[in-house]
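>>> coordinates only, no sequence provided:
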Ligand SMILES: [Zn+2]
């Protein structure tokens, strides 16, 4: 059974507001020629579709598909996470890169999950399960589809004022999606400690000892106290890491988490 009960409560509300803002923008831009609004929506969707195709073609040129033959360990982690979360049809790719990143995209099935190779070098199996589970969460909750469409729309030239309003609206929805997907990552790996170290490694790189972890956490915590970061946070698609860690800690203590974790264990076993 598909797990979706971990979606944060205000995510849908923020999306509704975001779509209302988008609708208002379309109406405003169409102005007196209101009948053009549907034409504009179709145009945006077509742009989104072609950008998605182009992105996929480029990916296939550089990335290695996750498969039993080429990466048995990763394939096993990937399959376990899919069995635990049941997100629908997905395909995994590894991109050779020094960057620490992972992302999801796709309009049609299978949706695509991309993991950068450097993460696989510094993370253990449970931490990789958190990263993959996070991306599977984006797929299961429909973020992958919406993000690809919205990403395509972002490619449509609009005036500066409109761009600012849309940026704030979409980014606040993006951040709600990150919290939901972090919960999916936690459900995939089944360990709060591993979820936290995965998030720390995402920003701090390789962390080997408990002392290094404490130091990295203290640095990440200090970032939260800096007032300059409030605006940066409002403009970012991703919440600050310390917020993500704190939200996960709160969620891990809820009975709802324990119920969904038991269901995931039953569906897919542990990594
Ligand atoms: Zn994400």
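Yep, that arrived. The structure presented is a predicted model; accordingly, all values stated were derived computationally and were not measured. Residues are numbered from 1 along each chain as shown.
>>> and the top helix by length along the chain, what other elements does it pack with?
What stands out as the longest helix in the chain, according to DSSP state H, is helix 160-189. Counting contacts by 3 or more CB pairs under 8 Å, 6 or more residues apart in numbering; DSSP states H and E, helix 160-189 packs against helix 11-30, helix 72-85, helix 125-140, helix 143-154, helix 192-204, helix 228-235, helix 241-252, helix 255-268. (Glycine included, C-beta is placed from N, CA and C.)
>>> quick one, which of the ones you listed is packed in tightest?
helix 125-140 (a mean of 27; mean count of other CB atoms under 10 Å).
>>> that one close to the ion?
No. Helix 125-140 lies out of reach of the ion by CB under 5 Å from the ion, never closer than 5.5 Å.
>>> run the chain-centre distance for that helix.
Helix 125-140 has its C-alpha centroid displaced from the chain centroid by 9 Å (CA atoms, centre = their mean, to the nearest Å).
>>> report the inter-axis angle for it versus helix 72-85.
Helix 125-140 runs at 50 degrees relative to helix 72-85, counting by axes from the mean of the first three to the mean of the last three CA atoms, to 10 degrees.
>>> quick one: helix 125-140 to helix 241-252, angle?
Counting by the same axes, to 10 degrees, helix 125-140 lies at 90 degrees to helix 241-252.
>>> helix 125-140 packs against which elements?
By 3+ CB pairs under 8 Å, 6+ apart, helix 125-140 packs against helix 72-85, strand 90-95, strand 102-105, strand 111-116, helix 117-122, helix 143-154, helix 160-189, helix 192-204.
>>> hmm, 7 Å instead?
Applying 3 or more CB pairs under 7 Å, 6 or more residues apart in numbering; DSSP states H and E, one finds that helix 125-140 makes contact with helix 72-85, strand 102-105, strand 111-116, helix 160-189, helix 192-204.
>>> this structure against the ion: which residues are in contact?
Proximity of the chain to the ion, by CB under 5 Å from the ion, involves residues 178, 181.
>>> got any ranges where the chain has weak pLDDT?
Applying pLDDT under 70 to the chain flags residues 30-37, 151-162, 224-225, 227, 231.
>>> tell me the contacts of residue 2?
With contact set as CB atoms under 7 Å, 6 or more residues apart in numbering, residue 2 has these partners: 86, 87, 140.
>>> element containing it, please.
Counting by DSSP states H and E, no helix or strand carries residue 2.
>>> going forward can the numbers begin at 845, since that is how I track them
With the count now opening at 845, the last piece we talked about shows up as residue 846.
>>> any idea how far stretch 1008-1026 is from the chain center?
In terms of CA atoms, centre = their mean, the centre of stretch 1008-1026 is found 10 Å from the chain centre.
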